[in-house]
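The sequence and its predicted three-dimensional model are supplied below.
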There are 2 protein chains.
Amino acid sequence: MTNIITISREFGSGGHEIGEHVAQQLGWKFYDRHIVEQVAKESGLSEKFIEESGEYATSRSSLLFNLSIAGAAMGSGSLSLYDEIYVEQCKLIKKLAAESPCVIVGRCADYVLRERQDCMHIFIWADVKARIERISGQVKEGKSPEKMLKERDNRRRVYYRNYTGQEWGKVQNYQLALCSSALGLETCAELIVQLVKQQNG
Amino acid sequence: MTNIITISREFGSGGHEIGEHVAQQLGWKFYDRHIVEQVAKESGLSEKFIEESGEYATSRSSLLFNLSIAGAAMGSGSLSLYDEIYVEQCKLIKKLAAESPCVIVGRCADYVLRERQDCMHIFIWADVKARIERISGQVKEGKSPEKMLKERDNRRRVYYRNYTGQEWGKVQNYQLALCSSALGLETCAELIVQLVKQQNG
């Protein structure tokens, strides 16, 4: 039985679009920017700051961090602002996942929900050429798109490692990993929908 | 268009069975032990020795090795026996892939055929519990199955790295990566067959 799908994705791989399509097809909730907006609302910080916090990480060791959060409360002053945002996101992800079947993109949701047995964790990647095409509208003038891809992936990797202690994109963290440029976005989405329908038969 | 499927797999993950099922369903040739038998026949070495060579590697750097094979011929004395077997396997894999659509399990076939555009490269893994169940008949008395899994995976990792310079099981080397214990062997096979039929439509 699958009630939750988490999608981790390389920058520019189309993971967001795939997740959105899957959620539509299954009639499930879809969370990506929603999580950012919600944390913004509750914390009073700007959405932009919170969105960017998802790609920055402190140098604190993840183990120490995970040990420390148990006893720490939002606003107690014992956590950095980035760490507080992460803690709030974790709470919100768990709450949303408890409410109804959903697709959650990014934000370490695979790790946050690791103890639930009804999750399908998915990783989406794509070749560099396809990713460059996809992000072409977002690249600032004079900046190399290859460099932008590297930087953004690297931020996701560091953030993920810092908060989970795991390696981002390691095949054994995902029940399914798909190359969206080889298979096509639509095929990826269909395949996921079909798997879930089959499991939930 | 997909004419060739290569399957890399964790020891005990059922990758062999999945590949065999896919080949049957598609009416394609299936190569796993066949490659070992063929190299044995041509080299005069025992099948057991060749099979085991697939999981041992020299400490030579893969780059140097790859540079050196260009000018080296079987039996010239400039390569170790393991390296000569690898070279023969490469030739055989390329020959078989040129003959007819097929599924090839293991033996770095994804790397050997990397320049062909009509391959689907797949990685199969499974959780440790499922793998232990699968290998239970092969574990020698007094030996820990967990240790056996680790040893065999490690041999595959070292072999792959030595001859390809790439990281075994790195998600970006495969268009598709599946957890057979989460999805089921049959579902994995069906999913692959469906993807190929769709692409070849």
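Yes, it's here.

Now do the same for A:V103: helix, strand or coil?
strand (DSSP: H, G, I helix; E, B strand; the rest coil).

Report how many residues lie close to it.
Neighbour count of A:V103, defined by other Cβ atoms under 10 Å in any protein chain shown: 26. (Glycine included, C-beta is placed from N, CA and C.)

Next one: it relative to A:G15, how far apart?
10 Å (Cβ to Cβ, to the nearest Å).

what residues are shared contacts of these two?
A:I7 (Cβ atoms under 8 Å, 6 or more residues apart in numbering or on different chains).

next SSE after the helix or strand of chain A with the lowest mean pLDDT?
Lowest by mean pLDDT, DSSP states H and E among the helices and strands of chain A is helix A:62-69, with a mean of 46. Heading C-terminal from helix A:62-69, the first helix or strand you meet, by DSSP states H and E, is helix A:81-99.

pull the CA atoms of that next one into CSV?
Extracted in CSV, the C-alpha atoms of helix A:81-99 (Å, rounded to 0.1, in the frame of the first residue of the first chain):
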residue,chain,number,x,y,z
LEU,A,81,17.5,30.0,12.0
TYR,A,82,18.2,27.5,9.2
ASP,A,83,17.9,24.6,11.6
GLU,A,84,14.7,26.0,13.0
ILE,A,85,13.2,26.2,9.6
TYR,A,86,14.2,22.6,9.0
VAL,A,87,12.5,21.5,12.2
GLU,A,88,9.3,23.4,11.2
GLN,A,89,9.4,21.8,7.8
CYS,A,90,9.8,18.3,9.3
LYS,A,91,6.7,18.9,11.5
LEU,A,92,4.7,20.2,8.6
ILE,A,93,5.7,17.3,6.3
LYS,A,94,4.7,14.8,8.9
LYS,A,95,1.4,16.6,9.5
LEU,A,96,0.5,16.8,5.8
ALA,A,97,1.5,13.1,5.3
ALA,A,98,-0.8,12.1,8.2
GLU,A,99,-3.7,14.0,6.8
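
In it, which residues are buried?
A:82-90, A:92-93, A:96-97 (16 or more other Cβ atoms under 10 Å in any protein chain shown).

what's the single nearest residue of chain A relative to chain B in contact with, if anything?
For chain A, the residue closest to chain B is A:A177, as judged by Cβ to the nearest Cβ, at 3.7 Å. A:A177 is in contact with A:122-125, A:171, B:123, B:171, B:174, B:176-178, counting by Cβ under 8 Å, 6+ apart.

now the residue positioned nearest the centre of chain A: how far from B:I93?
Nearest to the mean C-alpha position of chain A, by Cα atoms, centre = their mean, lies A:G106 at 0.6 Å. Plainly put, A:G106 is 39 Å away from B:I93 if you go by Cβ to Cβ.

before we move on, what about A:K197?
For A:K197, the distance to B:I93 equals 37 Å [Cβ to Cβ].

And A:A126, by the same measure?
Distance from A:A126 to B:I93, by Cβ to Cβ: 27 Å.

Local confidence estimate at A:I50?
pLDDT, A:I50: 66.

What of A:K143?
84.

That one falls within a helix, correct?
No: A:K143: not assigned to a helix; according to three-state DSSP it is coil.

Measure how buried it is and give me the count.
With other Cβ under 10 Å as criterion, A:K143 counts 11.

And it, its phi and psi?
phi -100, psi 140 (degrees, to the nearest 10).

same question, A:I124
Backbone torsions of A:I124, given as degrees, to the nearest 10, read phi -110, psi 130.

surely it meets A:F11?
No: if you go by Cβ atoms under 8 Å, A:I124 and A:F11 don't touch, sitting 10.7 Å apart.

Stretch A:130-138 and chain B, any residue contact?
No: Stretch A:130-138 does not reach chain B (Cβ under 8 Å from any Cβ of the partner chain); its nearest approach is 11.6 Å.

Name the residues of that stretch that come out as buried.
For stretch A:130-138, by 16+ other Cβ under 10 Å, it's A:130-132, A:134-135.

of all the residues in chain A, which ones are close to chain B?
Checking chain A against chain B by Cβ under 8 Å from any Cβ, the hits are A:120, A:123, A:125, A:169-172, A:174-179, A:182-183, A:187, A:191, A:194-195, A:198.

What about A:H16, how many residues nearby?
Using other Cβ under 10 Å, A:H16 has 17 neighbouring residues.

Over to A:K129?
Using other Cβ under 10 Å, A:K129 has 9 other residues around it.

likewise A:V22?
By other Cβ under 10 Å, neighbour count at A:V22 equals 24.

cool, A:Q38 as well?
A:Q38 has 18 neighbours, counted by other Cβ under 10 Å.

next one: A:S144
By other Cβ under 10 Å, neighbour count at A:S144 equals 11.

Distance check, it against A:G12.
Taking Cβ to Cβ, one finds A:S144 at 13 Å from A:G12.

Chain A: strands as residue ranges?
Secondary structure of chain A (DSSP state E): strands at A:4-9, A:29-31, A:102-105, A:119-125, A:176-179.

got a markdown table for those strands, with mean pLDDT too?
Shown next, in a markdown table, are the strands of chain A (pLDDT from 0 to 100):
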| stretch | mean pLDDT |
| --- | --- |
| strand A:4-9 | 96 |
| strand A:29-31 | 94 |
| strand A:102-105 | 96 |
| strand A:119-125 | 97 |
| strand A:176-179 | 98 |
